[in-house]
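[1] Here is my input; please provide its structure:
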Amino acid sequence: MKIDWAALGSVFGVSLAVTVGLVALFTLGIAGLSRRERAVAQGNGGGALAVTGAYVCFAACAAAVAYGIYLIVGKG
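    You can find the predicted model right below:
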């Protein structure tokens, strides 16, 4: 058995980049919800733009997870 180290490194690099990207996206969503809470507490309005941005980030995370599940299960 021969291990293709270049392919293994490539898979590791892509999975690391995707993981960091998803964590960053989810963090942006949490930050958007936090901004909304801060705006409501200060009486500056609802912060609709922050909530919309947070929902977009969460939707992108869900889409990436669904695509990953599709790649694992749906290609059979």
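[2] use CA for all of it now, contacts and neighbours both
    Fine.
[3] Report the mean per-residue pLDDT for the host helix or strand of Glu37.
    If you go by DSSP states H and E, Glu37 is part of helix 5-42. The predicted model gives helix 5-42 an average pLDDT of 92.
[4] Could you tell me how many residues sit around Arg38?
    By other CA atoms under 10 Å, 15 other residues sit near Arg38.
[5] residue contacts, the residue positioned nearest the centre of the chain?
    For the chain, the residue sitting closest to the mean C-alpha position, by CA atoms, centre = their mean, is Leu22 at 3.0 Å. By CA atoms under 8 Å, 6 or more residues apart in numbering, Leu22 lies in contact with Cys61, Ala64.
[6] Over to the one 4 residues further on?
    Residues counted as contacts of Phe26 (CA under 8 Å, 6+ apart) are Cys57, Phe58, Cys61.
[7] you'd agree the first one is up against Gly21?
    Read it as Cys57. No - with contact defined as CA atoms under 8 Å, Cys57 does not count as touching Gly21 (11.0 Å).
[8] and those two? which has more neighbours close in?
    Comparing Cys57 with Gly21 by other CA under 10 Å, the one with more neighbours is Cys57, at 21 against 13.
[9] got the contact list for the more buried one?
    Counting by CA under 8 Å, 6+ apart, the residues that Cys57 touches are Leu25, Phe26, Leu28, Gly29.
[10] Now stretch 17-37: buried residues?
    Across stretch 17-37, burial judged by 16 or more other CA atoms under 10 Å covers 22, 25-26, 28-37.
[11] pLDDT of the helix or strand that the helix holding Glu37 is followed by, averaged?
    Proceeding N to C from helix 5-42, the next assigned helix or strand is helix 48-69, under DSSP H and E. Helix 48-69 shows a mean pLDDT of 93 in the predicted model.
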